[in-house]
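A.B. asks: below is the structure, and that's it, no one-letter string:
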């Protein structure tokens, strides 16, 4: 994973220090790119423990077109907890009682998580407060379509034309592989304000090498938390590439990762230094043990259908999430 470590080093050496939406401040570089050839091994970061299970669970959630994190929490995946929780506090005028990141905030978040773990998916509390709005999965599978909560307060007809982008790109790869429009966009200006977090990984495009029957994938990421989330993004889109290659009868090739604003949060600086002091280890191999012939096959996958082989890493490095 030299490519990823090089990104970290470049931000350290050529950075702009600035304020950001979260108020945490960042060091930032505009316009970066890295390429990961899956023939060299599965690109899972080894200089810190990277938990593939939660990456796989989140990806399947996205592919299913889900926007309520009940699906994630039921599978002990908590990477989206902070956003609906903070939204709940803000909408109920509770931010002064529970200041962000305080001990009281952390304790109340545990209560919030416990509620979703114990309540049914159709419970009004879960439906209202654990839905993120028309985020990634909604746009992938139902672009511009109506969303349960987003359209209650806006004068938009839920029957407006919608597009299953992921289904369309699979059909295009099969039937018109040289097309230069094999694109999925999570960025939808018409619905952006209804999302708790507008998409950071905003736009991806497939490329078919018809000579060698290889499928490649490029992601455009508008905002990249380089320490905490970029290792997840690299692994997630590499798995997506593997899945779509299986469905279309192609070999998974190269994942190209283009970053518009790549940044290190001020409260991640020490963690980055520790990670860069470590030597990378050999890349593992990832296997999917179920036959995949359709999107429906992917939607039914569980973490147990995957096998990560020969993964060795240095220990985990904890860092706070900027909400």
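C.D. replies: Here it is on my side, so go on. Treat the numbers as computed from the prediction; the structure is a model and nothing was measured.

A.B. asks: strands along the stretch 201-323 of the chain, start to end?
C.D. replies: Using DSSP state E, counting those that start in this stretch, the strands assigned to the stretch 201-323 of the chain run over residues 201-209, 214-225, 251-265, 285-288, 306-309.

A.B. asks: identify the neighbouring strands of the first one in the sheet and state each direction.
C.D. replies: The strands beside strand 201-209 in its sheet (DSSP bridges) come out as strand 183-185 (antiparallel), strand 214-225 (antiparallel).

A.B. asks: adding mean pLDDT and mean neighbour count, write the ones you listed out as TSV.
C.D. replies: Any C-beta I mention is one placed from the backbone N, CA and C, and that applies to glycine too. Formatted as TSV, the strands paired with strand 201-209 follow (pLDDT from 0 to 100; neighbours: other C-beta atoms under 10 Å):
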stretch	mean pLDDT	mean neighbour count
strand 183-185	98	18
strand 214-225	96	21
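
A.B. asks: same list (these) but as TSV, adding distance to residue 32.
C.D. replies: Supplementary listing: the strands paired with strand 201-209 in TSV, determined by distance: least, C-beta to C-beta, whole Å:
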stretch	distance to residue 32
strand 183-185	21
strand 214-225	8
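
A.B. asks: specify the stretch among those strands that is closest to residue 309.
C.D. replies: strand 214-225 (21.8 Å; C-beta to C-beta).

A.B. asks: can you give the domain ranges for the chain?
C.D. replies: When the chain is parsed with automatic domain parsing, its domains come out as 2-65+138-145+159-309, 68-131.

A.B. asks: okay, these in JSON lines with distance to residue 320 next?
C.D. replies: As requested, those are exported to JSON lines (distance: least, C-beta to C-beta, whole Å):
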{"stretch": "domain 2-65+138-145+159-309", "distance to residue 320": "6"}
{"stretch": "domain 68-131", "distance to residue 320": "7"}
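
A.B. asks: most tightly surrounded among those domains?
C.D. replies: Using mean count of other C-beta atoms under 10 Å, the stretch among the domains of the chain with the greatest mean number of neighbours is domain 2-65+138-145+159-309 (a mean of 17).
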